[in-house]
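S.K.: I need the structure of the sequence given here:
(one chain, ligands or ions: 1)
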Amino acid sequence: MNAIQNPVEPFDVDSVRADFPLLMREVHDKALVYFDNANTSQKPASVIEAVDHFYRQTNANVARAVHQLGEEATAAYESARDRLARLLNASSRDEIVLTSGTTQAINLVAYSYAMPRLKAGDEILITTMEHHANIVPWQLVCERTGATLKVAPINERGELIVERFVDMLTPSVKLAGVTHVSNVLGTINPIAQLARETRRRGIPLLVDGSQATPHLPVDLRALGCDFYTVTGHKLFGPTGTGALWARKEILRDMPPLFGGGEMIREVSFEGTTFADPPHRFEAGTPNIAGFVGLAAAIDYVQGLGHARLRAYEQELLVHATQALKTIPGLRIFGEAPDKVPVISFLIDGAHAHDLATLLDHEGVAVRSGHHCAHPLMKFFGVPATVRASLAFYNTHDEIERFVAAIDKVRKLLG
Ligand code: PMP
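M.R.: Numbering: from 1, shown residues only. So this is what the prediction gives:
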(Lines give C-alpha, C1' and ligand atoms only; values in the text may rest on other atoms or scores of the structure.)
Protein backbone atom coordinates (compact mmCIF):
# COMPACT_ATOMS: atom_id res chain seq x y z
CA MET A 1 0.00 0.00 0.00
CA ASN A 2 1.16 3.53 -0.68
CA ALA A 3 -0.17 5.48 2.26
CA ILE A 4 -1.84 8.65 0.99
CA GLN A 5 -3.54 9.84 4.13
CA ASN A 6 -6.41 12.16 4.75
CA PRO A 7 -4.98 15.31 6.38
CA VAL A 8 -7.74 15.52 9.00
CA GLU A 9 -7.38 11.92 10.20
CA PRO A 10 -4.87 10.97 12.90
CA PHE A 11 -1.54 9.76 11.57
CA ASP A 12 -1.70 5.99 11.02
CA VAL A 13 1.88 4.93 11.67
CA ASP A 14 1.16 1.21 11.28
CA SER A 15 -0.03 1.61 7.71
CA VAL A 16 2.96 3.87 6.98
CA ARG A 17 5.38 1.28 8.38
CA ALA A 18 3.87 -1.36 6.13
CA ASP A 19 5.16 0.71 3.20
CA PHE A 20 8.80 0.27 4.31
CA PRO A 21 9.94 -3.34 3.74
CA LEU A 22 13.25 -2.97 5.57
CA LEU A 23 11.55 -1.95 8.81
CA MET A 24 10.18 -5.51 9.06
CA ARG A 25 13.60 -7.15 9.41
CA GLU A 26 15.41 -8.28 12.51
CA VAL A 27 18.98 -7.65 13.61
CA HIS A 28 20.69 -9.84 16.22
CA ASP A 29 17.38 -11.77 16.49
CA LYS A 30 15.55 -8.66 17.62
CA ALA A 31 13.04 -6.49 15.78
CA LEU A 32 14.94 -3.59 14.26
CA VAL A 33 14.57 -0.13 15.79
CA TYR A 34 16.00 2.16 13.10
CA PHE A 35 17.01 5.46 14.73
CA ASP A 36 19.72 6.47 12.25
CA ASN A 37 17.54 8.45 9.87
CA ALA A 38 19.68 11.59 9.87
CA ASN A 39 22.44 9.41 8.40
CA THR A 40 20.20 7.96 5.73
CA SER A 41 16.51 7.08 5.71
CA GLN A 42 14.75 3.87 4.66
CA LYS A 43 12.86 3.71 1.36
CA PRO A 44 9.16 3.05 0.82
CA ALA A 45 8.15 0.24 -1.52
CA SER A 46 6.98 2.82 -4.07
CA VAL A 47 10.57 4.10 -4.41
CA ILE A 48 12.04 0.59 -4.67
CA GLU A 49 9.40 -0.32 -7.26
CA ALA A 50 9.99 2.86 -9.29
CA VAL A 51 13.73 2.06 -9.56
CA ASP A 52 12.99 -1.59 -10.33
CA HIS A 53 10.41 -0.64 -12.96
CA PHE A 54 12.83 1.82 -14.55
CA TYR A 55 15.51 -0.83 -15.09
CA ARG A 56 13.00 -3.48 -16.20
CA GLN A 57 10.94 -1.33 -18.56
CA THR A 58 12.39 2.10 -19.31
CA ASN A 59 16.18 2.04 -19.08
CA ALA A 60 17.82 4.32 -21.66
CA ASN A 61 20.02 7.40 -21.51
CA VAL A 62 18.34 10.77 -21.07
CA ALA A 63 18.06 13.59 -23.59
CA ARG A 64 20.11 11.76 -26.21
CA ALA A 65 17.71 9.54 -28.04
CA VAL A 66 14.55 10.11 -30.00
CA HIS A 67 13.46 6.52 -29.54
CA GLN A 68 10.56 5.64 -27.28
CA LEU A 69 12.66 4.39 -24.36
CA GLY A 70 14.88 7.48 -24.46
CA GLU A 71 11.83 9.72 -24.35
CA GLU A 72 10.27 7.76 -21.50
CA ALA A 73 13.52 7.73 -19.53
CA THR A 74 13.96 11.48 -20.03
CA ALA A 75 10.39 12.19 -18.94
CA ALA A 76 10.75 9.98 -15.84
CA TYR A 77 14.08 11.57 -14.90
CA GLU A 78 12.89 15.13 -15.55
CA SER A 79 9.82 14.49 -13.40
CA ALA A 80 12.17 14.61 -10.39
CA ARG A 81 12.92 18.24 -11.25
CA ASP A 82 9.20 19.03 -11.27
CA ARG A 83 8.69 17.23 -7.96
CA LEU A 84 11.60 19.10 -6.36
CA ALA A 85 10.29 22.45 -7.63
CA ARG A 86 6.87 21.63 -6.16
CA LEU A 87 8.33 20.35 -2.89
CA LEU A 88 10.30 23.57 -2.36
CA ASN A 89 7.72 25.93 -3.89
CA ALA A 90 10.34 27.17 -6.37
CA SER A 91 9.03 29.58 -9.01
CA SER A 92 10.36 27.48 -11.87
CA ARG A 93 11.66 23.97 -12.57
CA ASP A 94 14.60 25.65 -14.32
CA GLU A 95 15.84 26.79 -10.91
CA ILE A 96 16.48 23.19 -9.86
CA VAL A 97 19.94 21.79 -10.63
CA LEU A 98 20.03 18.03 -10.11
CA THR A 99 23.14 17.01 -8.15
CA SER A 100 24.44 13.92 -6.38
CA GLY A 101 23.45 15.48 -3.06
CA THR A 102 24.09 18.43 -0.81
CA THR A 103 27.88 18.04 -0.87
CA GLN A 104 27.97 18.48 -4.63
CA ALA A 105 25.42 21.31 -4.45
CA ILE A 106 27.46 23.33 -1.95
CA ASN A 107 30.68 22.71 -3.88
CA LEU A 108 28.95 23.94 -7.04
CA VAL A 109 28.09 27.22 -5.31
CA ALA A 110 31.57 27.48 -3.78
CA TYR A 111 33.46 26.99 -7.05
CA SER A 112 31.08 28.40 -9.65
CA TYR A 113 29.43 31.25 -7.78
CA ALA A 114 31.77 32.26 -4.96
CA MET A 115 35.30 31.61 -6.21
CA PRO A 116 35.23 33.98 -9.21
CA ARG A 117 33.83 36.73 -6.99
CA LEU A 118 36.17 36.38 -3.98
CA LYS A 119 39.40 38.26 -3.36
CA ALA A 120 41.78 38.76 -0.44
CA GLY A 121 40.02 40.55 2.41
CA ASP A 122 36.58 39.13 1.58
CA GLU A 123 34.83 36.87 4.08
CA ILE A 124 32.42 33.94 4.11
CA LEU A 125 30.21 33.65 7.20
CA ILE A 126 29.04 30.25 8.46
CA THR A 127 27.99 28.95 11.90
CA THR A 128 29.45 26.64 14.55
CA MET A 129 26.83 23.98 13.87
CA GLU A 130 27.65 23.34 10.19
CA HIS A 131 28.29 19.88 8.73
CA HIS A 132 31.75 19.52 7.17
CA ALA A 133 30.00 19.81 3.77
CA ASN A 134 29.26 23.45 4.61
CA ILE A 135 32.73 24.16 6.02
CA VAL A 136 35.37 22.46 3.91
CA PRO A 137 34.32 23.78 0.44
CA TRP A 138 34.53 27.32 1.86
CA GLN A 139 37.96 26.66 3.33
CA LEU A 140 39.13 25.38 -0.06
CA VAL A 141 37.90 28.44 -1.96
CA CYS A 142 39.25 30.75 0.75
CA GLU A 143 42.69 29.16 0.32
CA ARG A 144 42.58 29.80 -3.40
CA THR A 145 41.31 33.38 -3.22
CA GLY A 146 42.77 34.83 -0.02
CA ALA A 147 39.30 35.24 1.48
CA THR A 148 38.68 34.14 5.08
CA LEU A 149 36.04 32.12 6.85
CA LYS A 150 34.33 33.44 9.97
CA VAL A 151 31.99 31.61 12.25
CA ALA A 152 28.85 32.84 14.02
CA PRO A 153 28.55 31.29 17.50
CA ILE A 154 25.84 29.17 19.08
CA ASN A 155 24.71 28.98 22.71
CA GLU A 156 24.77 26.02 25.12
CA ARG A 157 21.25 24.98 24.08
CA GLY A 158 22.56 24.57 20.54
CA GLU A 159 20.85 27.62 19.04
CA LEU A 160 22.46 30.11 16.69
CA ILE A 161 22.96 33.44 18.46
CA VAL A 162 21.10 35.48 15.87
CA GLU A 163 22.29 38.91 17.06
CA ARG A 164 25.90 37.78 16.75
CA PHE A 165 25.24 36.39 13.26
CA VAL A 166 23.69 39.72 12.25
CA ASP A 167 26.59 41.72 13.77
CA MET A 168 29.00 39.62 11.73
CA LEU A 169 27.27 40.50 8.43
CA THR A 170 29.84 43.20 7.68
CA PRO A 171 30.47 44.64 4.18
CA SER A 172 33.41 42.25 3.65
CA VAL A 173 31.05 39.23 3.87
CA LYS A 174 30.35 38.02 0.34
CA LEU A 175 28.24 34.97 1.19
CA ALA A 176 26.66 33.43 4.29
CA GLY A 177 26.04 29.69 4.66
CA VAL A 178 23.73 28.26 7.33
CA THR A 179 22.20 24.86 7.86
CA HIS A 180 18.40 24.84 7.98
CA VAL A 181 18.43 21.98 10.50
CA SER A 182 21.46 20.73 12.47
CA ASN A 183 22.28 17.08 11.81
CA VAL A 184 23.66 16.73 15.35
CA LEU A 185 21.42 18.92 17.51
CA GLY A 186 18.15 18.90 15.57
CA THR A 187 17.98 22.70 15.90
CA ILE A 188 15.84 24.46 13.29
CA ASN A 189 17.45 27.76 12.36
CA PRO A 190 15.24 30.84 11.78
CA ILE A 191 16.07 31.06 8.08
CA ALA A 192 13.42 33.63 7.11
CA GLN A 193 14.73 35.99 9.80
CA LEU A 194 18.38 35.46 8.76
CA ALA A 195 17.47 35.93 5.08
CA ARG A 196 15.81 39.29 5.83
CA GLU A 197 19.10 40.45 7.36
CA THR A 198 21.36 39.11 4.59
CA ARG A 199 19.05 40.47 1.89
CA ARG A 200 19.00 43.94 3.43
CA ARG A 201 22.81 43.95 3.14
CA GLY A 202 22.94 42.41 -0.34
CA ILE A 203 24.71 39.27 0.92
CA PRO A 204 23.65 35.99 -0.70
CA LEU A 205 22.50 33.32 1.77
CA LEU A 206 23.06 29.62 1.14
CA VAL A 207 20.92 27.24 3.19
CA ASP A 208 21.95 23.60 3.66
CA GLY A 209 18.57 21.88 3.56
CA SER A 210 19.95 18.34 3.84
CA GLN A 211 18.26 17.63 7.19
CA ALA A 212 15.24 19.88 6.72
CA THR A 213 13.23 18.39 3.85
CA PRO A 214 12.74 15.00 5.60
CA HIS A 215 10.94 16.82 8.43
CA LEU A 216 9.67 20.27 7.46
CA PRO A 217 7.56 21.80 4.74
CA VAL A 218 9.96 24.12 2.88
CA ASP A 219 8.64 27.20 1.08
CA LEU A 220 11.53 28.93 -0.64
CA ARG A 221 9.45 31.97 -1.48
CA ALA A 222 8.68 32.46 2.22
CA LEU A 223 12.25 31.70 3.35
CA GLY A 224 13.82 34.29 1.05
CA CYS A 225 17.28 32.70 0.81
CA ASP A 226 19.37 32.63 -2.39
CA PHE A 227 20.60 29.02 -2.54
CA TYR A 228 19.01 25.90 -1.03
CA THR A 229 20.28 22.32 -1.13
CA VAL A 230 18.51 18.95 -0.93
CA THR A 231 19.78 15.45 -0.11
CA GLY A 232 17.66 12.75 -1.76
CA HIS A 233 18.81 9.80 0.35
CA LYS A 234 17.65 11.45 3.58
CA LEU A 235 14.34 12.28 1.91
CA PHE A 236 13.44 8.58 1.52
CA GLY A 237 14.93 8.48 -1.98
CA PRO A 238 18.01 6.72 -3.42
CA THR A 239 21.61 7.66 -2.62
CA GLY A 240 23.44 9.82 -5.13
CA THR A 241 20.50 12.18 -5.67
CA GLY A 242 19.88 15.74 -4.58
CA ALA A 243 19.54 19.28 -5.80
CA LEU A 244 20.70 22.83 -5.72
CA TRP A 245 18.03 25.50 -5.97
CA ALA A 246 19.01 29.05 -6.83
CA ARG A 247 17.11 31.94 -8.33
CA LYS A 248 17.22 32.07 -12.14
CA GLU A 249 19.14 35.34 -12.31
CA ILE A 250 21.84 33.89 -10.04
CA LEU A 251 22.15 30.63 -12.01
CA ARG A 252 22.33 32.59 -15.26
CA ASP A 253 25.42 34.38 -13.91
CA MET A 254 27.25 31.19 -12.87
CA PRO A 255 29.78 29.55 -15.19
CA PRO A 256 29.73 25.76 -15.61
CA LEU A 257 31.84 23.78 -13.15
CA PHE A 258 32.13 20.50 -15.06
CA GLY A 259 32.43 20.34 -18.81
CA GLY A 260 31.19 17.46 -20.94
CA GLY A 261 28.14 16.09 -22.66
CA GLU A 262 24.65 17.50 -22.08
CA MET A 263 25.77 20.88 -20.73
CA ILE A 264 26.59 22.53 -24.06
CA ARG A 265 24.75 24.41 -26.77
CA GLU A 266 27.43 24.00 -29.40
CA VAL A 267 30.99 22.67 -29.37
CA SER A 268 33.77 23.40 -31.80
CA PHE A 269 37.54 23.32 -31.37
CA GLU A 270 37.50 27.11 -31.50
CA GLY A 271 35.15 27.35 -28.54
CA THR A 272 32.04 26.08 -26.87
CA THR A 273 28.78 27.74 -25.93
CA PHE A 274 26.85 26.44 -22.97
CA ALA A 275 23.30 25.36 -22.34
CA ASP A 276 21.06 27.51 -20.18
CA PRO A 277 20.69 26.61 -16.51
CA PRO A 278 19.97 24.12 -15.06
CA HIS A 279 21.48 21.86 -17.78
CA ARG A 280 24.67 23.94 -17.88
CA PHE A 281 25.55 22.41 -14.50
CA GLU A 282 24.64 18.82 -15.31
CA ALA A 283 27.50 17.41 -17.40
CA GLY A 284 27.55 13.71 -18.20
CA THR A 285 25.11 10.88 -17.65
CA PRO A 286 23.29 11.42 -14.35
CA ASN A 287 21.93 8.96 -11.78
CA ILE A 288 18.80 8.47 -13.86
CA ALA A 289 17.21 5.59 -11.93
CA GLY A 290 18.07 7.36 -8.67
CA PHE A 291 16.10 10.44 -9.68
CA VAL A 292 13.18 8.30 -10.83
CA GLY A 293 13.22 6.92 -7.28
CA LEU A 294 13.50 10.39 -5.79
CA ALA A 295 10.43 11.53 -7.73
CA ALA A 296 8.51 8.61 -6.16
CA ALA A 297 9.88 9.49 -2.71
CA ILE A 298 8.69 13.08 -2.97
CA ASP A 299 5.25 11.91 -4.10
CA TYR A 300 5.19 9.59 -1.12
CA VAL A 301 6.12 12.24 1.46
CA GLN A 302 3.80 14.83 -0.04
CA GLY A 303 1.02 12.22 -0.05
CA LEU A 304 1.43 11.88 3.71
CA GLY A 305 1.55 15.65 4.19
CA HIS A 306 4.50 17.39 5.82
CA ALA A 307 2.36 19.27 8.34
CA ARG A 308 0.93 16.02 9.75
CA LEU A 309 4.31 14.32 9.76
CA ARG A 310 5.72 17.21 11.71
CA ALA A 311 2.98 17.05 14.35
CA TYR A 312 3.56 13.30 14.82
CA GLU A 313 7.35 13.70 14.91
CA GLN A 314 6.98 16.39 17.58
CA GLU A 315 5.11 13.88 19.75
CA LEU A 316 7.96 11.41 19.26
CA LEU A 317 10.55 14.07 20.09
CA VAL A 318 8.82 15.07 23.33
CA HIS A 319 8.36 11.44 24.36
CA ALA A 320 11.98 10.45 23.61
CA THR A 321 13.45 13.55 25.27
CA GLN A 322 11.40 13.12 28.45
CA ALA A 323 12.20 9.40 28.65
CA LEU A 324 15.94 9.94 28.12
CA LYS A 325 15.97 12.57 30.84
CA THR A 326 14.94 9.95 33.39
CA ILE A 327 18.21 8.06 32.81
CA PRO A 328 20.83 8.98 35.42
CA GLY A 329 24.02 10.54 34.04
CA LEU A 330 22.58 11.13 30.57
CA ARG A 331 23.35 14.49 28.96
CA ILE A 332 21.48 15.73 25.87
CA PHE A 333 23.27 18.02 23.38
CA GLY A 334 20.87 20.41 21.69
CA GLU A 335 17.81 21.61 23.54
CA ALA A 336 16.54 24.34 21.26
CA PRO A 337 12.77 24.79 21.61
CA ASP A 338 12.44 24.56 17.84
CA LYS A 339 13.91 21.24 16.72
CA VAL A 340 13.29 18.02 14.78
CA PRO A 341 13.49 14.54 16.39
CA VAL A 342 17.28 14.30 16.37
CA ILE A 343 18.73 13.72 19.84
CA SER A 344 22.46 13.62 20.58
CA PHE A 345 23.50 12.41 23.99
CA LEU A 346 26.22 10.89 26.17
CA ILE A 347 26.12 8.94 29.42
CA ASP A 348 28.67 9.65 32.15
CA GLY A 349 31.54 7.21 32.01
CA ALA A 350 30.48 5.48 28.78
CA HIS A 351 32.15 5.91 25.41
CA ALA A 352 29.78 6.81 22.55
CA HIS A 353 30.97 3.92 20.35
CA ASP A 354 30.56 1.37 23.16
CA LEU A 355 27.03 2.61 23.76
CA ALA A 356 26.14 2.40 20.07
CA THR A 357 27.65 -1.09 19.72
CA LEU A 358 25.75 -2.42 22.70
CA LEU A 359 22.53 -0.77 21.50
CA ASP A 360 23.04 -2.49 18.15
CA HIS A 361 23.02 -5.84 19.97
CA GLU A 362 19.63 -4.84 21.37
CA GLY A 363 18.39 -4.25 17.81
CA VAL A 364 18.66 -0.46 18.02
CA ALA A 365 20.53 1.33 15.20
CA VAL A 366 21.94 4.72 16.23
CA ARG A 367 25.00 6.59 15.07
CA SER A 368 28.00 7.39 17.24
CA GLY A 369 30.90 9.65 16.35
CA HIS A 370 31.51 13.26 15.40
CA HIS A 371 28.71 13.29 12.78
CA CYS A 372 30.91 15.24 10.32
CA ALA A 373 30.81 18.20 12.71
CA HIS A 374 34.23 18.36 14.40
CA PRO A 375 33.94 22.08 15.31
CA LEU A 376 30.57 21.46 16.97
CA MET A 377 32.02 18.58 19.03
CA LYS A 378 34.84 20.91 20.06
CA PHE A 379 32.31 23.56 21.13
CA PHE A 380 30.67 21.05 23.47
CA GLY A 381 34.07 19.72 24.57
CA VAL A 382 33.39 16.09 23.60
CA PRO A 383 34.99 13.85 20.94
CA ALA A 384 31.76 12.15 19.95
CA THR A 385 28.09 11.71 20.81
CA VAL A 386 25.47 9.04 20.31
CA ARG A 387 22.72 10.29 18.02
CA ALA A 388 19.19 8.93 17.83
CA SER A 389 17.47 10.41 14.79
CA LEU A 390 13.83 9.54 14.21
CA ALA A 391 11.57 9.61 11.17
CA PHE A 392 7.79 9.60 10.77
CA TYR A 393 7.74 5.79 10.58
CA ASN A 394 9.15 5.40 14.08
CA THR A 395 6.82 4.68 16.99
CA HIS A 396 6.29 5.33 20.68
CA ASP A 397 6.88 1.61 21.32
CA GLU A 398 10.28 1.85 19.66
CA ILE A 399 11.16 4.77 21.94
CA GLU A 400 10.26 2.61 24.95
CA ARG A 401 12.48 -0.20 23.63
CA PHE A 402 15.31 2.24 22.95
CA VAL A 403 15.17 3.75 26.43
CA ALA A 404 14.97 0.31 28.07
CA ALA A 405 17.98 -0.78 25.99
CA ILE A 406 19.96 2.28 27.09
CA ASP A 407 19.15 1.59 30.70
CA LYS A 408 20.30 -2.03 30.32
CA VAL A 409 23.48 -0.99 28.51
CA ARG A 410 24.20 1.73 31.09
CA LYS A 411 24.07 -0.84 33.85
CA LEU A 412 26.36 -3.15 31.86
CA LEU A 413 28.89 -0.37 31.30
CA GLY A 414 28.58 0.96 34.84
N1 PMP B 1 24.72 18.75 5.39
C2 PMP B 1 24.13 18.14 6.43
C3 PMP B 1 23.52 18.96 7.52
C4 PMP B 1 24.10 16.74 6.48
O5 PMP B 1 23.55 16.11 7.51
C6 PMP B 1 24.67 15.98 5.41
C7 PMP B 1 24.63 14.46 5.38
N8 PMP B 1 25.14 13.84 6.51
C9 PMP B 1 25.28 16.68 4.36
C10 PMP B 1 25.26 18.05 4.37
C11 PMP B 1 25.88 15.95 3.19
O12 PMP B 1 24.85 15.62 2.33
P13 PMP B 1 25.02 14.58 1.11
O14 PMP B 1 24.99 13.21 1.72
O15 PMP B 1 23.79 14.87 0.29
O16 PMP B 1 26.25 14.92 0.39
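S.K.: Name the helix or strand for residue 255, please.
M.R.: When secondary structure is defined using DSSP states H and E, no element contains residue 255, which sits outside every helix and strand.
S.K.: Next, it: phi, psi?
M.R.: Residue 255 adopts backbone torsions of phi -80, psi 160, taken as degrees, to the nearest 10.
S.K.: What about it, how many residues nearby?
M.R.: By other C-beta atoms under 10 Å, 12 other residues sit near residue 255. The C-beta positions use only the backbone N, C-alpha and C, and glycine is treated the same way.
S.K.: Checking the residue lying closest to it once chain neighbours are set aside next. Helix, strand or coil?
M.R.: In this structure, residue 255 finds its nearest non-sequential neighbour in residue 112, 5.8 Å apart by C-beta to C-beta, 6 or more residues apart in numbering. Using DSSP: H, G, I helix; E, B strand; the rest coil, the structure places residue 112 in helix.
S.K.: give the contact list for residue 186.
M.R.: Listed by C-beta atoms under 8 Å, 6 or more residues apart in numbering, the contact partners of residue 186 are 158, 317, 334, 336, 339, 340, 341, 342, 343, 344, 389.
S.K.: so of those, which ones are in strands?
M.R.: When strands are assigned by DSSP state E, the members of the contacts of residue 186 inside them are 342, 343, 344, 389.
S.K.: Let's see if you can find the most crowded of those residues.
M.R.: Per-residue neighbour counts (other C-beta under 10 Å) across the ones in strands among the contacts of residue 186 peak at residue 344, which has 31 neighbours.
S.K.: bridging residues for it?
M.R.: Beta-bridge pairing for residue 344 (DSSP bridges): residue 333, residue 387.
S.K.: got a pLDDT number for it?
M.R.: On the pLDDT scale, residue 344 is placed at 98.
S.K.: roughly how far apart are it and residue 108?
M.R.: Counting by C-beta to C-beta, to the nearest Å, the gap from residue 344 to residue 108 is 29 Å.
S.K.: what sits up against stretch 249-266?
M.R.: 63-64, 94-95, 97, 107-108, 111-113, 116, 204, 226-227, 246, 272-285.
S.K.: Report the buried residues of stretch 300-310.
M.R.: Within stretch 300-310, the residues scored as buried using 16 or more other C-beta atoms under 10 Å are 300, 301, 304, 305, 306, 308, 309.
S.K.: And it, end to end?
M.R.: With C-alpha to C-alpha, to the nearest Å as the measure, stretch 300-310 spans 15 Å from end to end.
S.K.: still on that earlier bit, thought the residue nearest to residue 255 was touching residue 281?
M.R.: Yes. With contact taken as C-beta atoms under 8 Å, residue 112 and residue 281 are classed as touching, separated by 7.3 Å.
S.K.: ok, those two, which is more surrounded?
M.R.: Regarding residue 112 and residue 281, a neighbour count based on other C-beta under 10 Å identifies residue 281 as having more, with 24 against 20.
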